[in-house]
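>>> No letters, just coordinates:
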């Protein structure tokens, strides 16, 4: 009787193993890999874009807040970063939307 019980458990274990193998085969199909890769890429791009926007917003806030500090004010005048930021912000305020604006390397008219 003990041998029959062992054989039945071996058969059960083999069935479980076969089910796991077939599940892995479904997971590693070419179409599944392609869909998973595209989805991962899209969400990575969205996350990176949101993160970059947050960093830029924080940096712009920092520049506006600390522009009264003499050392930072000198750096801003030398690099003309304050004019570029003000120019970009004025374009955004005028347009009222988030449409693309000219490159920040262009000379502001101010």
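In hand now; what should we look at? Everything quoted here is computed from the prediction, not taken from an experiment.

>>> my read: residue 76 touches residue 62, true?
No: look at residue 76 against residue 62 with C-beta atoms under 8 Å: they stay out of range, at 11.3 Å. Every C-beta, even on glycine, is put in place using the N, C-alpha and C of the backbone.

>>> of these two, who's got more company?
residue 76 (18 against 11; other C-beta atoms under 10 Å).

>>> Return the set of buried residues in the helix or strand containing that one.
Following DSSP states H and E, one finds residue 76 within helix 70-79. Judged by neighbour count (16 or more other C-beta atoms under 10 Å), helix 70-79 contains these buried residues: 72, 76.

>>> Over to stretch 82-101?
Neighbour counts over stretch 82-101 (16+ other C-beta under 10 Å) mark 82, 84, 85, 87, 88 as buried.

>>> Helix 70-79 and the top helix by length along the chain, what's the angle between them?
Ranked by number of residues, the top helix in the chain under DSSP state H is helix 30-65. Between helix 30-65 and helix 70-79, the angle comes out at 110 degrees (axes from the mean of the first three to the mean of the last three C-alpha atoms, to 10 degrees).

>>> If anything else comes up later, I'll come back, but that's it for now.
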